[in-house]
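[1] Could you work out the structure for the sequence below:
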Amino acid sequence: MRQTFRTLALLLLAIAVSTAGHAQRRNTAYNDYIKEYAPLAIEQMKKYKIPASITLAQGLLESGAGRSLLARKSHNHFGIKCHGWRGRKVYHDDDAEDECFRAYRKVEDSYEDHSKFLVEGRRYQFLFKLKTTDYKGWAKGLKKAGYATDPSYANRLITIIEDYELYKYDSKGMSKREARRWAKLLKKKPWLANPHQTYLANGLVYVVAREGDTFRLLGGEFDISWKKLVKYNDLHKEYTLEPGDIIYLKKKNKKAQKPYREYIVRDGDSMHSISQKFGIRLKNLYKMNKCDDDYVPEVGTRLRLR
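    Next up, the predicted model:
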């Protein structure tokens with residue numbers, strides 16, 4: 001089990017390098033959409049066995065988080081066209097000009113029709129052999145079955161699910177036995193319910209501390225000694241993490257990356273906060289600026305970063 005979580009931690013670090021840009025582009029529209037429609041997606045999952053994460057990701061992508069003209073005027077959140085449809089229709093340009101799309105009285109009808117569209121479609125039947133927690137399998141399967149013509153459709157769904165942690169909604173569909181096992185596991189490893197997003201800056205992977213975080217919890221999540229985390233971040237073991245603290249998961253650099261050569265001290269800065277901002281080891285920041293370790297920078301001072 002320890003090796004499994006070590007592998008998971010290393011995988012998260014690798015993914016961070018390539019997806020940090022996506023993670024840092026979280027926007028309010030997506031968050032608002034998820035908050036409003038997650039209960040509806042979970043309801044559909046329990047009824048039709050389609051992962052809530054997949055339904056939400058498709059809704060976000062196809063409707064532009066509910067802001068597309070088709071979504072606003074016709075309540076169509078999944079871009080479903082008129083094939084075999086006997087209800088109200090609207091016409092929009094898509095792969096071709098003036099294509100026919102289904103129109104609904106309310107968003108709930110769009111979600112229900114999306115589920116039935118997949119359940120009743122013969123080409124999608126193989127998807128229902130997958131578990132509701134296998135969002136990657138579902139995403140790739142939807143692309144394989146021809147739900148969308150975009151060659152990157154599966155990857156886009158997976159990126160949305162992982163950037164916005166939509167997979168956590170899929171656990172709502174577990175059996176009672178699975179739920180008990182999951183709850184037992186969470187007591188030992190609470191971070192699994194809401195893992196930290198990893199970010200990349202200055203060539204280093206880091207996380208942002210949340211309310212209630214401790215070095216021990218973060219160390220357990222990423223399979224790193226909590227004492228090493230303390231050392232990597234130039235802190236002491238009695239330090240209480242505060243929400244918003246940057247915590248690096250490996251040793252910081254000896255100097256800032258190009259083009260950061262100098263920094264002008266601002267109000268509220270400390271040598272430690274500057275070292276965290278640019279991913280520089282604190283002792284090296286002091287050394288570059290020929291300062292003692294009790295030096296307090298004044299506003300307006302120019303500090304060397306490399």
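
[2] measure the most centrally placed residue in the chain to Asp32 for me?
    Nearest to the mean C-alpha position of the chain, by Cα atoms, centre = their mean, lies Asp163 at 1.9 Å. To Asp32, Asp163 is 15 Å away according to Cβ to Cβ, to the nearest Å. Every residue, glycine included, has its C-beta placed from N, CA and C.

[3] Repeat that for Leu229.
    From Leu229 over to Asp32 the distance is 34 Å, taken as Cβ to Cβ.

[4] cool, Arg86 as well?
    From Arg86 to Asp32 the distance is 33 Å (Cβ to Cβ).

[5] more neighbours, those two?
    Asp32 (12 against 7; other Cβ atoms under 10 Å).

[6] Tell me where the model's unsure across this protein.
    Scanning the chain for pLDDT under 70 picks out 1-26, 94-95, 172-179, 182-183, 191-194.

[7] Quick one: the strands in it, in order.
    Using DSSP state E, the strands of the chain run over 89-92, 99-102, 199-201, 204-208, 246-248, 262-264, 302-304.

[8] closest to Leu185 out of those?
    Proximity to Leu185 (Cβ to Cβ) singles out strand 204-208 among the strands of the chain, at 21.0 Å.

[9] what helices or strands is that closest one leaning on?
    If you count contacts as 3 or more Cβ pairs under 8 Å, 6 or more residues apart in numbering; DSSP states H and E, strand 204-208 packs onto helix 2-23, strand 199-201, strand 246-248.

[10] Just list the residues touching Asp267, thanks.
    Applying Cβ atoms under 8 Å, 6 or more residues apart in numbering to Asp267 gives the contacts Val299.

[11] redo that, cut-off 10 Å
    Counting by Cβ atoms under 10 Å, 6 or more residues apart in numbering, Asp267 touches Val299, Gly300.

[12] do the same with Arg210
    Listed by Cβ under 10 Å, 6+ apart, the contact set of Arg210 reads Asn194, His196, Leu217, Leu218, Leu241, Glu242, Pro243, Gly244, Asp245.

[13] Could you do Asp245 as well?
    Applying Cβ under 10 Å, 6+ apart, the residues contacting Asp245 are Tyr206, Val207, Val208, Ala209, Arg210, Asp213, Asn233, Leu235, Tyr239, Ser273, Gln276.

[14] among the residues you listed, which are in helices?
    Cross-referencing the contacts of Asp245 against helices under DSSP state H gives Ser273, Gln276.

[15] and the contacts of Asp245 as a markdown table, adding distance to Asp150?
    Formatted as a markdown table, these follow (distance: Cβ to Cβ, whole Å):
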| residue | distance to Asp150 |
| --- | --- |
| Tyr206 | 32 |
| Val207 | 31 |
| Val208 | 32 |
| Ala209 | 37 |
| Arg210 | 34 |
| Asp213 | 38 |
| Asn233 | 41 |
| Leu235 | 45 |
| Tyr239 | 47 |
| Ser273 | 43 |
| Gln276 | 39 |
